[in-house]
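Colleague: Prediction below, plus the sequence it came from.
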Amino acid sequence: MMRASNFKPLRKRSLRGFFDVELQSGLILRGCSLHENERGDQWVALPSRQYTSLDGSTKFAPVVEFAEGASAARKQFQEQALEAVRAVVAAMVAEQ
């Protein structure tokens, strides 16, 4: 299972906040983000870095990503990461 920590709320478009996630292997992914669309669907985005393209627009490049054909692993990550970050958010709400 995964463990989420350091949730920092930030609402901007679909973004709901940033957090870290620790995988069962001990690997820590810092800077994952929680997103939610207008229908209430949620997903986790892996860390990315911001840069400015040649035309001056802001772009984001993935820092970590799943290999092509790893859809089962991607789905499992999404399910477990969402469960972990929801638990952290619920604990924060309960503390207030």
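Modeller: Looks like it came in fine.
Colleague: Now do the SS call for Gly56.
Modeller: coil (DSSP: H, G, I helix; E, B strand; the rest coil).
Colleague: what does the model give it for pLDDT?
Modeller: For Gly56, the pLDDT comes out at 97.
Colleague: residues contacting it?
Modeller: Applying C-beta atoms under 8 Å, 6 or more residues apart in numbering to Gly56 gives no contacts. Backbone N, C-alpha and C define where each C-beta goes, glycine included.
Colleague: Report the separation between it and Gly31.
Modeller: As judged by C-beta to C-beta, to the nearest Å, Gly56 and Gly31 stand 24 Å apart.
Colleague: likewise Phe18?
Modeller: As defined by C-beta to C-beta, Phe18 lies at a distance of 6 Å from Gly31.
Colleague: same deal with Met92?
Modeller: According to C-beta to C-beta, Met92 stands 18 Å off from Gly31.
Colleague: So which of these two has more stuff around it?
Modeller: Neighbours per residue, other C-beta atoms under 10 Å: of Met92 and Gly31, the larger number sits with Gly31, 16 against 12.
Colleague: neighbouring contacts of the helix or strand hosting that one?
Modeller: Element membership for Gly31, per DSSP states H and E: strand 28-36. Here strand 28-36 makes contact (C-beta under 8 Å, 6+ apart) with 4, 7, 14-23, 42-48, 63-64, 81-82, 85, 89.
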